[in-house]
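Enquirer: okay, here's the prediction I keep looking at, along with the sequence it came from:
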Amino acid sequence: MQILDEIQLTGLTVFGRHGVFEHERENGQEFLIDLRLQVDLAVAAASDDVVDTVHYGELAEKVAAVVAGEPVNLIETLAQRIADVVLADKRVTQVAVTVHKPHAPIPLTFSDVSVTIVRVTTGAQ
């Protein structure tokens, strides 16, 4: 059975030190994270109990710890690390992670740079 229920968390803003340039690691910058989780929400809807769903507040804290944690060169790598944290909850069947780097070192005017990855758990349809 395909689950179409979703939990979304958008615009999670966290300071991190990711990038290929030394000044990015040294000075750091803000990253914005968007998550779209596919989760069967029927049990939570019926029980009205937070233990039956993915607690988005706790998830936000886990994701923030990844972004604020060990630096990586690529936001692609950061997105994968975030996806791994999200998929550790076996109720999540799919996650889309977007990492925005609005202050990327590009010498032109732009509003955002982002990478989105989508990961599906084994056995999910």
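Expert: All right, it came through fine. Numbers count the residues shown, from 1 in each chain.
Enquirer: I'd like to know which elements the helix or strand harbouring residue 98 is packed against.
Expert: Assigned by DSSP states H and E, residue 98 belongs to strand 92-100. When contacts are defined as 3 or more C-beta pairs under 8 Å, 6 or more residues apart in numbering; DSSP states H and E, strand 92-100 packs onto strand 29-39, helix 75-87, strand 114-120. Placement of C-beta: from N, CA and C, glycine included.
Enquirer: from the contact counts, what lies against the longest one?
Expert: The contact analysis (3+ C-beta pairs under 8 Å, 6+ apart) places helix 75-87 against strand 29-39, helix 56-68, strand 92-100, strand 114-120.
Enquirer: and if we set it to 6 Å?
Expert: Helices and strands touching helix 75-87, by 3 or more C-beta pairs under 6 Å, 6 or more residues apart in numbering; DSSP states H and E, are helix 56-68, strand 92-100, strand 114-120.
Enquirer: check which residues of it are buried.
Expert: 75, 78-83, 85-87 (16 or more other C-beta atoms under 10 Å).
Enquirer: can you pull out the low-pLDDT segments for the protein?
Expert: By pLDDT under 70, the low-scoring segments of the chain are 1-3, 123-125.
Enquirer: apply 90 and report the result again.
Expert: Residue ranges of the chain with pLDDT under 90: 1-4, 122-125.
Enquirer: relative to the whole chain's centre, how far out is the strand holding residue 98?
Expert: Strand 92-100 has its C-alpha centroid displaced from the chain centroid by 5 Å (C-alpha atoms, centre = their mean, to the nearest Å).
Enquirer: quick check: bridge partners of residue 32?
Expert: With DSSP bridges as the criterion, residue 32 is bridged to residue 13, residue 100.
Enquirer: so it touches residue 14, yeah?
Expert: No: in this structure, residue 32 is not within contact of residue 14 by C-beta atoms under 6 Å, at 8.1 Å.
Enquirer: show me whatever sits in contact with both of those two.
Expert: Common neighbours of residue 32 and residue 14 (criterion: C-beta atoms under 6 Å, 6 or more residues apart in numbering): none identified.
Enquirer: for residue 19, grab the count of nearby residues.
Expert: By the criterion of other C-beta atoms under 10 Å, residue 19 has 23 neighbours.
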